[in-house]
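Q: no FASTA, just this:
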């Protein structure tokens, strides 16, 4: 399988409010930037949407090295929380409803196609690809805020 490196970020003004997401896919010296947004959303929805959009661009099953500054995404995938939420009917261990089940459902389906390795990176730090994703995400929410 091909190994693709993916960087993602989401941003929101207001939370909920206008939001944006950015993703960068890197494979074999090629780079693809993606971005988008929504008028009324949350930061976590944008974080998830960035990952989903990136994975949806892959034309075949791949090993994906995902880098995100979202603990919400990274921990839920790496620690198996999202799978547990789904198994319990989208209820968390504290008996509260899991948020964003529609997006988690999509991400879990994509994670069955691809071999996903999630890595947390510190946001707004020294990772140029994460910083570029943040820039793409912010551009998208600013466009919607005007």
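A: Perfect, I can see it now. Note that the coordinates shown come from a computational prediction; the quantities given were computed from them, not determined experimentally.
Q: What residues sit buried inside stretch 109-129?
A: 110, 111, 114, 116, 118, 121, 123, 127, 129 (16 or more other C-beta atoms under 10 Å). All C-beta spots, glycine's among them, are computed from the backbone N, C-alpha and C.
Q: show me where the protein has strands.
A: 2-12, 17-27, 30-41, 62-68, 115-120 (DSSP state E).
Q: Distance from the chain centre to the last one, please.
A: Centroid displacement of strand 115-120 relative to its chain, using C-alpha atoms, centre = their mean, to the nearest Å, is 11 Å.
Q: and what of the first one?
A: Distance of strand 2-12 from the chain centroid (C-alpha atoms, centre = their mean) equals 7 Å.
Q: now swap in stretch 114-123 and tell me
A: Its chain's C-alpha centre and that of stretch 114-123 lie 9 Å apart, by C-alpha atoms, centre = their mean.
Q: and the helix ranked longest in the chain, average pLDDT?
A: As assigned by DSSP state H, the longest helix anywhere in the chain is helix 128-145. Averaged across helix 128-145, pLDDT comes to 93.
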